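Asks: coords below, sequence missing:
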């Protein structure tokens, strides 16, 4: 999945939020260039966790924040001091901060994390060719959770590692309305060719350059597609663009309760254009063992159904990540 954004709660404007708003890549370039004078410039000399509070980040997405809060409360249960840095933004912003040691823990998604580091490192991409453009299609050599995990452990920067992935996934998925599915007999992504024309997809603008975006759809399924940018990461605005007929298809995350409440049809992906996106803790390689154990206890119990239930408490009941996490951990007898 792309790094997510949430329309559901306002956040104070932070330096990270500002970077995300003006464009992550250009912002980081400027910061690097001004490293002698900019107090926020990344200092890679201090990479890794070196003591003090454990800083936990989250993507700018309500579900990711809930998972981060689960980690945070478990670390506090283990008598560790935690600093929360939630709603940060896109990978281009927060991953350099993890590499530099400014953040020590964040919930990630295996397949998308692998594709990010494959293209930024300039290594062979999913089709075996260079994927520096970010538009390659998924690797057949890393197409399941186990192989993705193994590959991540070899490709990540030395300052980072991944812990045991959860069974839960929050998969980018292509969804259509029930009416569209019935009218065109759509059950899989391949069936979109039956529309007989280029399709439109509501998604974050970053979807344009993702391996499963327009170029991937063309290469793997022969589908011509364009992106209609809706910057709420599969949230209510994306769903509305789909249900009101503005677009043919929407990029909706697989654990989003809207799939059920709006009776959407998620198209299957028989050629595995989208890699498995299991919830995977990305952490400093020097994180204390007691912290690793605490986080792994969350992952061991986080199933797809559990994640959907957690998300429903946010979208349906409007509860904070703190309340949702406390209730779940208490019910699981972890607090």
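Replies: Noted; the coordinates are in hand. These numbers come from a predicted model, not from an experiment.

Asks: first-to-last residue distance for stretch 77-92?
Replies: End-to-end distance for stretch 77-92, by C-alpha to C-alpha, to the nearest Å: 31 Å.

Asks: report the buried residues of it.
Replies: Residues 78, 80, 82, 84, 85, 86, 87, 88, 89, 90, 91, 92 are the ones in stretch 77-92 that count as buried (16 or more other C-beta atoms under 10 Å). Where C-beta positions appear, they are placed from N, C-alpha and C, glycine not excepted.

Asks: inside strands: which ones of the residues you listed?
Replies: If you go by DSSP state E, those have 82, 84, 85 in strands.

Asks: show me the shaky parts of this structure.
Replies: 1-46, 121-141 (pLDDT under 70).

Asks: quick one: the strands in it?
Replies: Along the chain, the segments classed as strands by DSSP E run 54-57, 82-85, 105-109, 160-162, 172-177, 199-203, 225-229, 249-253, 264-266, 279-284.

Asks: between those strands, which gets nearest to residue 96?
Replies: Of all the strands of the chain, strand 160-162 sits nearest to residue 96, with 11.0 Å by C-beta to C-beta.

Asks: now do the closest one: everything it contacts.
Replies: Applying C-beta atoms under 8 Å, 6 or more residues apart in numbering, the set of residues contacting strand 160-162 from outside is 98-99, 108, 110, 113, 149, 152-153, 156, 280-285.

Asks: now with 6 Å?
Replies: Residues from elsewhere that reach strand 160-162 (C-beta atoms under 6 Å, 6 or more residues apart in numbering): 98, 152, 280, 282, 285.

Asks: got a list of what the first one touches?
Replies: This means residue 98. Neighbour list for residue 98: residue 160 [criterion: C-beta under 6 Å, 6+ apart].

Asks: distance check, it against residue 162.
Replies: 11 Å (C-beta to C-beta, to the nearest Å).

Asks: kindly list the longest helix within the chain.
Replies: For the chain, the helix that runs over the most residues, judged by DSSP state H, is helix 62-77.

Asks: which one of the contacts of strand 160-162 is nearest residue 167?
Replies: Using C-beta to C-beta, these come closest to residue 167 at residue 280, 11.2 Å.

Asks: name whatever forms a beta bridge with that closest one.
Replies: Listed beta-bridge partners, residue 280: residue 108 (assigned using DSSP bridges).

Asks: phi, psi for residue 319 please.
Replies: phi -80, psi 160 (degrees, to the nearest 10).

Asks: what number of residues are in the vicinity of it?
Replies: 17 (other C-beta atoms under 10 Å).

Asks: that one and residue 313 touch, don't they?
Replies: Yes - applying C-beta atoms under 6 Å, one finds residue 319 in contact with residue 313, separated by 5.1 Å.

Asks: quick check: buried residues in stretch 225-241?
Replies: Judged by neighbour count (16+ other C-beta under 10 Å), stretch 225-241 contains these buried residues: 225, 227, 228, 230, 232, 233, 234, 235, 238, 239, 240, 241.

Asks: hang on, the earlier thing: which one of the buried residues of stretch 77-92 is nearest residue 180?
Replies: When those are compared for distance to residue 180 (C-beta to C-beta), residue 90 wins out at 29.6 Å.

Asks: roughly how far apart are that closest one and residue 171?
Replies: 18 Å.

Asks: what's the spacing between residue 153 and residue 308?
Replies: Residue 153 is 28 Å from residue 308, by C-beta to C-beta.

Asks: which one's more surrounded, these two?
Replies: Legend: neighbour count by other C-beta under 10 Å for residue 153 and residue 308, higher for residue 308 (18 against 11).

Asks: contacting residues for that one?
Replies: Going by C-beta under 6 Å, 6+ apart, residue 308 touches residue 255.

Asks: from here on, call the first residue 53.
Replies: Renumbered: residue one is now 53, and that last one reads residue 360.

Asks: related to what we said a few turns ago, please work out which of the strands of the chain is packed deepest.
Replies: strand 157-161 (a mean of 29; mean count of other C-beta atoms under 10 Å).

Asks: and the contacts of that strand?
Replies: For strand 157-161, the external contacting residues (C-beta under 6 Å, 6+ apart) are 53, 108, 109, 116, 119, 120, 123, 329, 331, 332, 334, 335.

Asks: how about those in JSON lines, adding distance to residue 270?
Replies: As requested, the contacts of strand 157-161 are exported to JSON lines (distance: C-beta to C-beta, whole Å):
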{"residue": "53", "distance to residue 270": "21"}
{"residue": "108", "distance to residue 270": "39"}
{"residue": "109", "distance to residue 270": "34"}
{"residue": "116", "distance to residue 270": "29"}
{"residue": "119", "distance to residue 270": "33"}
{"residue": "120", "distance to residue 270": "35"}
{"residue": "123", "distance to residue 270": "38"}
{"residue": "329", "distance to residue 270": "22"}
{"residue": "331", "distance to residue 270": "29"}
{"residue": "332", "distance to residue 270": "29"}
{"residue": "334", "distance to residue 270": "31"}
{"residue": "335", "distance to residue 270": "36"}
